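> build me a model from this:
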Amino acid sequence: MTDAQRTGPGAAGGVVVAETAAVEGMVQFDDIYDQPDPRAYFRVLGPLEYRTPGHAQPIFRRLRSVLNATAPADGPPPTVLDLCCSYGINAALLNHDVTLDDLYQRYTSHEAASMSTAQLVAWDREFFTARRRRDPVPVVGLDIASHAVAYARAVGLLAEGFAENLEDAPPSPALRRAVRDARLITVTGGTSFLSHRTFRPLLSAAHGPVWVASFVLRTTPYEEVAGCLAAFGLATERAVPTFPQRRFTDERERRYAVDAVTAVGQDPDGKESDGYFHTALHLSRPTSDVVMTPLDTLVP
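As a prediction, this is how the structure comes out:
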């Protein structure tokens with residue numbers, strides 16, 4: 001989901017999915033985030049070159065591998081909690097031999113267009129089963145978009161999925177149980193609307209140390225969330241490279257983005273000035289992990 005257009009805690013974050021005019025200056029895409037299936041999502045965002053889940057794929061796999069290597073051999077497998085999970089796109093890219101381009105091609109194809117949602121579910125189940133990696137991890141999805149979460153569960157991308165908005169209400173007992181074994185929390189969209197109200201109860205429910213990997217728009221402050229994570233002993237680092245998120249839809253969005261990043265002392269040259277929103281990876285970990293595994297060994 002794009003960080004640029006959500007409403008609530010993040011389409012995927014404590015969690016939001018349908019977008020509204022919550023971020024002034026950004027175009028809304030309300031209609032695509034809670035459909036019965038993901039075809040409209042890929043059809044609309046494809047021409048805008050939305051890329052964040054693709055940028056995140058190798059990084060999330062690397063983080064997962066590092067955490068797996070340090071997990072107790074006799075314990076449960078580390079769980080990934082994907083905030084603003086929408087249709088399970090991050091789960092698809094993490095646990096299957098597919099790329100984001102594969103998904104764009106698949107869901108915008110003539111074959112997909114001719115199917116009912118039920119037929120698409122069956123088609124996807126077969127597709128992802130055949131491409132399941134040998135090292136899958138359980139992924140729990142959280143998003144307020146109930147239809148999107150239901151689709152991800154029906155296809156088999158999520159071990160569990162929850163349509164809850166933690167910005168407005170505490171997590172359900174079922175959600176708290178589902179995140180007990182979470183070791184990695186991922187966010188590729190929606191951080192503009194996430195706050196301590198989403199992260200605090202999730203980290204409180206986790207039984208062990210958790211890493212939090214968030215792709216954050218350069219137009220969006222992250223200090224409040226980082227402060228919340230620090231209360232749980234997590235130090236937040238920002239990776240040096242930035243990643244194009246999507247093209248601007250119009251000149252109004254470009255002006256908004258350029259002004260926003262300039263206002264916080266960042267340079268838009270070569271990034272927002274060139275027509276794209278950019279994100280930066282923020283990784284929060286226990287201090288001991290920061291020392292043991294430097295950030296530049298985790299981010300290409």
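> could you give the average pLDDT over stretch 269-276?
Per-residue pLDDT values over stretch 269-276 give a mean of 97.
> buried residues in that stretch?
Neighbour-count burial for stretch 269-276, with 16 or more other C-beta atoms under 10 Å as criterion, is recorded at Lys271, Glu272, Tyr276. Placement of C-beta: from N, CA and C, glycine included.
> okay, and the residue nearest to the last one when sequence neighbours are not counted sits in which element?
The reference is to Tyr276. Spatially, and ignoring its direct neighbours in sequence, Tyr276 is nearest to Pro244 (4.3 Å; C-beta to C-beta, 6 or more residues apart in numbering). Assigned by DSSP states H and E, Pro244 belongs to strand 234-247.
> now do that strand: everything it contacts.
Around strand 234-247, the neighbours that count as contacts under C-beta atoms under 8 Å, 6 or more residues apart in numbering are 2-4, 45, 48-52, 55, 210-212, 215, 217-218, 222, 226, 229-230, 271, 275-287, 290, 295-296, 299-300.
> give me the buried entries from the residues you listed.
For the contacts of strand 234-247, a burial check counting by 16+ other C-beta under 10 Å picks out 2-4, 45, 48, 50-52, 55, 210-212, 215, 217-218, 222, 226, 229, 271, 276-285, 290, 299.
> count of neighbours near Thr117?
Using other C-beta atoms under 10 Å as the criterion, Thr117 is surrounded by 14 other residues.
> hang on, the earlier thing: which one of the buried residues of stretch 269-276 sits closest to Asn90?
The nearest member of the buried residues of stretch 269-276 to Asn90, counting by C-beta to C-beta, is Tyr276 at 20.5 Å.
> hang on, the closest one packs against Thr249?
No - using C-beta atoms under 8 Å, Tyr276 is not in contact with Thr249, being 11.4 Å away.
> what sits in contact with each of these two?
The contact sets of Tyr276 and Thr249 do not overlap (C-beta under 8 Å, 6+ apart).
> give me the neighbour count for Ser204.
Ser204 is surrounded by 11 other residues when neighbours are defined as other C-beta under 10 Å.
> try Asp267
Other residues within reach of Asp267 by the criterion other C-beta under 10 Å amount to 11.
> surely it is in a strand?
No - note on Asp267: no strand contains this position according to DSSP: H, G, I helix; E, B strand; the rest coil, which reports coil.
> where's the closest residue to it other than its chain neighbours, which helix or strand?
The shortest distance from Asp267 to any residue that is not its chain neighbour, by C-beta to C-beta, 6+ apart, is 7.6 Å, and that residue is Val261. Assignment of secondary structure by DSSP H and E places Val261 within helix 251-263.
> could I get that helix in CSV with only the CA atoms?
Listed in CSV are the C-alpha atoms of helix 251-263, where the atom choice follows Å, rounded to 0.1, in the frame of the first residue of the first chain:
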residue,chain,number,x,y,z
GLU,A,251,2.3,18.9,-10.2
ARG,A,252,0.4,19.6,-6.9
GLU,A,253,1.9,16.4,-5.5
ARG,A,254,5.4,17.3,-6.6
ARG,A,255,5.2,20.7,-5.0
TYR,A,256,3.8,19.2,-1.8
ALA,A,257,6.6,16.6,-1.6
VAL,A,258,9.4,19.0,-2.5
ASP,A,259,8.2,21.5,0.1
ALA,A,260,7.7,18.8,2.8
VAL,A,261,11.2,17.3,2.5
THR,A,262,12.8,20.8,2.3
ALA,A,263,11.0,21.9,5.4
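> can you give me the mean pLDDT across it?
This predicted structure assigns helix 251-263 an average pLDDT of 95.
> now do the end-to-end distance for stretch 139-156.
Taking C-alpha to C-alpha, to the nearest Å, stretch 139-156 runs 10 Å from one end to the other.
> again with stretch 246-253
Stretch 246-253 has an end-to-end distance of 11 Å (criterion: C-alpha to C-alpha).
> okay, buried residues for it please.
Buried, per 16+ other C-beta under 10 Å, within stretch 246-253: Arg246, Arg247, Phe248, Glu253.
> stretch 54-69 too?
Buried residues in stretch 54-69, counted by 16+ other C-beta under 10 Å: Gly54, His55, Ala56, Gln57, Ile59, Phe60, Arg61, Leu63, Arg64, Val66, Leu67.
> same question for stretch 160-172.
Glu160, Gly161, Phe162, Ala163, Glu164, Asn165, Leu166, Glu167, Pro171.
> cool, and stretch 77-96?
Residues of stretch 77-96 classed as buried: 78-96 (neighbour count, 16+ other C-beta under 10 Å).
> got it, and stretch 135-150?
Neighbour-count burial for stretch 135-150, with 16+ other C-beta under 10 Å as criterion, is recorded at 137-145, 147-150.
> out of those, which sit inside helices?
Secondary structure defined by DSSP state H assigns His147, Ala148, Val149, Ala150 of the buried residues of stretch 135-150 to helices.
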